[in-house]
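Colleague: I would like the atomic coordinates for the input below:
(chains A and B)
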Amino acid sequence: MSLWRFVRGLLRHRLGRWGVLILVTMTLVALLADVIAPYDPYNIRERGRRKQPPSAEHWLGTDGAGLDILSEVIYGARVSLLVGTVTALLVSLLGAMVGILAGYAGGPVDTLSMRFADVLFSVPGLPLMIILATYLGTSYWTIILIFTILGWAGLSRLVRSQVLSIVHLEYIEAARSYGASHWRIMWRHILPAVSSLVIVNGVMLAAGMMLAEAGLSFLGFGDPKAVSWGKVLSLAQSGHAALFGMWWWVVPPGAAIFVTALGFMLVGLALEEQLNPYLRRVRKR
Amino acid sequence: MSGAYLIRRSLETLLIFFLVATLNFFLPRVIPGDPAERFYADPRVSPEDKARIMAQFGLDKPLPEQFWLYLKNMARGDMGISFNHRRPVMEVIASRIPHTLILTLSAFIISLVLGLPLGAYAAWKRGGLLDMAVLSTSIVFSAIPSFWFALLLLMVFAFYWPVLPAYGMTDPNLTPGLNLAYVLSLARHAVLPVGTLATLETMRYAILMRSSMIETLGKPYIIVARSKGLTERMILFRHVVRNAMLPVITSLGMKLPALLGGVVIIESIFSWEGMGQLILTSSRSLDYPLMQGVFLLLAALTLLGNFLADISYALFDPRVELT
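Modeller: Residues are numbered from 1 along each chain as shown, chains lettered A, B, ... in the order given. Purely as a prediction, here's the structure:
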């Protein structure tokens, strides 16, 4: 399927269109943050009066440190999109690799990796993330690393079962019979067969990872130097913004997280229907 | 159900718990930097004092011996002493367990009672108004950050329409125990945290039940039931719902880590003194023994939940070959 047809199919999908619109807008906001944001939230001199409701100077008011909330939300898009997409990419890669290897190689490789996946599955994720962040620190690259280490298990299981269902098909046998190497079989014959599964899950993962990053930042385990949506809400919580009805401090950052995660999910749903013809038929009925 | 299955599943659970405990022990020891350093990083601490402290905590012994000691103590329920509380870790945790259970169990039961029928009905009337509503709300709810949702509820019900207490577990002037005033106050304080958790979980369970129902509805035995001329009611309750419940039960076990993770966030927002809040405060203040203890206990709870889900699945489904 050519890339153009792919994108067109996405745009034609009722929900996918909205997802694409959301993600494109958010990406532009993140890229152009220094142009569109009225203030620079990293500059400690650009602070106004504290906890002010929306006004002409500060469209979304100010937070407990006098920072312009609109600017914080605009700059926060960078962190959320970056962590979400980079982690989803890494997790998809790792998950696909482990799943293909486990399904194709079988034997001890399979048993070992799937037992390890079982352990990851049966451990409460958020507490484990908190512990790891406590030991390893909370710079963004560390957090991405933690998410990747903990996140691959689900996808690898899905990929593995898909691989198991195709590994005995004739075309794989044929490839083997003309002497294709294991590497070539996995790369050229198995990967394409699981790619749509990986793509759909990867997009959904981006939403999940974004939410997880926001949650971790909210609990105070985010990168201390960066302005992120989760951190703005974390400060709102410690400043009792919700208790005192400072809606301008509570609503915008959360809405940004919600809308962006929704964007990823809508694109994921649209892709799923597009790549899985069975679903497409059922839903249109 | 056969005993062999029970035994195999218990051994598996124990093995995973052992792996988690091992991880819990080795993680702080393989990571660069020494957690115990906070006791002797101060340059005024003499080398002799440092050696004495290390010996006191058994940190001068070789690693395998430390590990053996750790396992032995754990088996006796001794998980060390909390740096901050200066009391045994188990004691600190034990007082918190009931609080967390109040939240999770009530949220769990409410979401089951609401979510399963909702999902079942949506699937039964597939494509109908309610089905569309369930589908779209579940998408929306899976994109809502739980902590934001909690803050919004807090703002609405404690500020704009102040009918509920915003934080804490009871009114401070009441005597704890089984008296009416105390229990009522506890219940009132639990409404917001439980409500947040239950709303989010309900949609998860509804969508689980819905997809399981749809799969069951396509099975040949449903067509047979129809062709026998059974009433729709009979088909729904006797054949579809009963069979659709089975995969849902296992998935419920799988959803436990999410519920316990959610509890960390909810407890921190509503100042609910449970285990979730404990793991947060202990890791913020680098109280390693307590942090590890809470983590191990949360992991144990999750494993137990998964185990029970699997066992009940086997109990309910006669077709499961239990070997």
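Colleague: from here on, contacts and neighbour counts on C-alpha atoms
Modeller: OK.
Colleague: Tell me how many other residues crowd residue 238.
Modeller: Defaulting to chain A. A total of 12 residues lie near A:Ser238 under the criterion other CA atoms under 10 Å in any protein chain shown.
Colleague: not what I meant, chain B
Modeller: A count of nearby residues for B:Arg238, using other CA under 10 Å, gives 12.
Colleague: Tell me which stretches of the chain form helices.
Modeller: All of this refers to chain A. If DSSP state H is used as the criterion, the helices of chain A fall at A:3-12, A:14-31, A:33-36, A:69-105, A:107-121, A:125-136, A:140-166, A:170-177, A:182-184, A:191-218, A:229-238, A:247-275, A:277-284.
Colleague: I was after chain B.
Modeller: Taking DSSP H as the criterion, chain B contains helices spanning B:3-30, B:37-40, B:47-56, B:63-75, B:89-124, B:129-143, B:146-155, B:180-217, B:220-227, B:232-234, B:242-269, B:275-284, B:288-316.
Colleague: For the third one, which residues meet the burial criterion?
Modeller: Translated: helix B:47-56. Applying a neighbour-count criterion of 16 or more other CA atoms under 10 Å in any protein chain shown, the buried positions in helix B:47-56 are B:Ile53, B:Met54.
Colleague: List, one by one, the residues from the stretch 101-250 of chain B near chain A.
Modeller: Among all residues of the stretch 101-250 of chain B, those adjacent to chain A (criterion: CA under 8 Å from any CA of the partner chain) are B:139-140, B:143-145, B:147-148, B:151-152, B:154-155, B:158-160, B:166.
Colleague: Select only the buried ones of those in PyMOL?
Modeller: For anyone working in PyMOL, the buried entries among these, judged by 16+ other CA under 10 Å, can be selected with:
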select buried, chain B and resi 139+140+143+144+145+147+148+151+152+154+155+158+159+166
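Colleague: Pick out the lowest-pLDDT one from the residues of the stretch 101-250 of chain B next to chain A.
Modeller: Across those, no position has a lower pLDDT than B:Ala166, which has 82.
Colleague: give me every residue that touches the closest residue to that residue other than its chain neighbours.
Modeller: Excluding its sequence neighbours, the residue lying closest to B:Ala166 (CA to CA, 6 or more residues apart in numbering or on different chains) is B:Ala158, at 5.6 Å. For B:Ala158, the set of contacting residues under the criterion of CA atoms under 8 Å, 6 or more residues apart in numbering or on different chains consists of A:Leu243, B:Leu164, B:Pro165, B:Ala166.
Colleague: Please identify which of those residues is nearest to B:Ser82.
Modeller: Each of the contacts of B:Ala158 was scored against B:Ser82 by CA to CA, and B:Ala166 proved nearest at 29.2 Å.
Colleague: Would you enumerate the residues in contact with that closest one?
Modeller: Taking CA under 8 Å, 6+ apart as the contact definition, B:Ala166 lies against A:Leu243, B:Leu154, B:Phe157, B:Ala158, B:His189, B:Leu192, B:Phe270.
Colleague: If you rank those by neighbours, which is first?
Modeller: Each of these was scored by neighbour count (other CA under 10 Å); the top score is that of B:Leu154, with 26 neighbours.
Colleague: Run through the residues that contact that residue.
Modeller: A:Ala242, A:Leu243, B:Ala166, B:Leu192.
Colleague: residues in contact with the last one?
Modeller: Under the criterion of CA under 8 Å, 6+ apart, the neighbours of B:Leu192 are B:Ala150, B:Leu153, B:Leu154, B:Leu164, B:Ala166.
Colleague: Counting neighbours, what do you get for the nearest residue to A:Ser234 once chain neighbours are set aside?
Modeller: Spatial nearest neighbour of A:Ser234, excluding adjacent residues (CA to CA, 6+ apart): A:Phe218 at 4.3 Å. Here the count is done by other CA under 10 Å, and A:Phe218 has 24 residues near it.
Colleague: So B:Arg29 versus B:Pro62, what's the distance?
Modeller: B:Arg29 is 12 Å from B:Pro62, where distance means CA to CA, to the nearest Å.
Colleague: Of these two, give the one with the bigger neighbour count.
Modeller: For B:Arg29 versus B:Pro62, the count of surrounding residues by other CA under 10 Å is larger for B:Arg29: 14 against 9.
Colleague: Retrieve the pLDDT associated with that one.
Modeller: Looking at B:Arg29, the pLDDT reads 76.
Colleague: what about it, distance to A:Trp141?
Modeller: Between B:Arg29 and A:Trp141 the distance, using CA to CA, works out to 21 Å.
Colleague: And for A:Gly48?
Modeller: A:Gly48 sits at a distance of 32 Å from A:Trp141 (criterion: CA to CA).
Colleague: Then A:Arg49?
Modeller: 34 Å.
Colleague: And A:Pro253, by the same measure?
Modeller: Distance check for A:Pro253 against A:Trp141: by CA to CA, it reads 22 Å.
Colleague: For those two, indicate the residue with more neighbours.
Modeller: With neighbours defined as other CA under 10 Å, A:Pro253 and A:Trp141 compare such that A:Pro253 has more, 25 against 14.
Colleague: surely that one meets A:Val232?
Modeller: Yes. A:Pro253 is in contact with A:Val232 according to CA atoms under 8 Å; the separation is 6.8 Å.
Colleague: which secondary element of the chain has the worst mean pLDDT?
Modeller: Went with chain A since none was named. Of all helical and strand segments in chain A, the minimum by mean pLDDT, DSSP states H and E falls on helix A:277-284, at a mean of 51.
Colleague: wait, I meant chain B there
Modeller: Taking all helices and strands of chain B together, the one with the lowest average confidence (mean pLDDT, DSSP H and E) is helix B:37-40, at a mean of 60.
Colleague: Count the residues that sit near residue 254.
Modeller: Assuming you mean chain A. Here the number of neighbours of A:Gly254 (other CA under 10 Å) works out to 25.
Colleague: Actually, chain B is the one I wanted.
Modeller: With other CA under 10 Å as criterion, B:Met254 counts 19.
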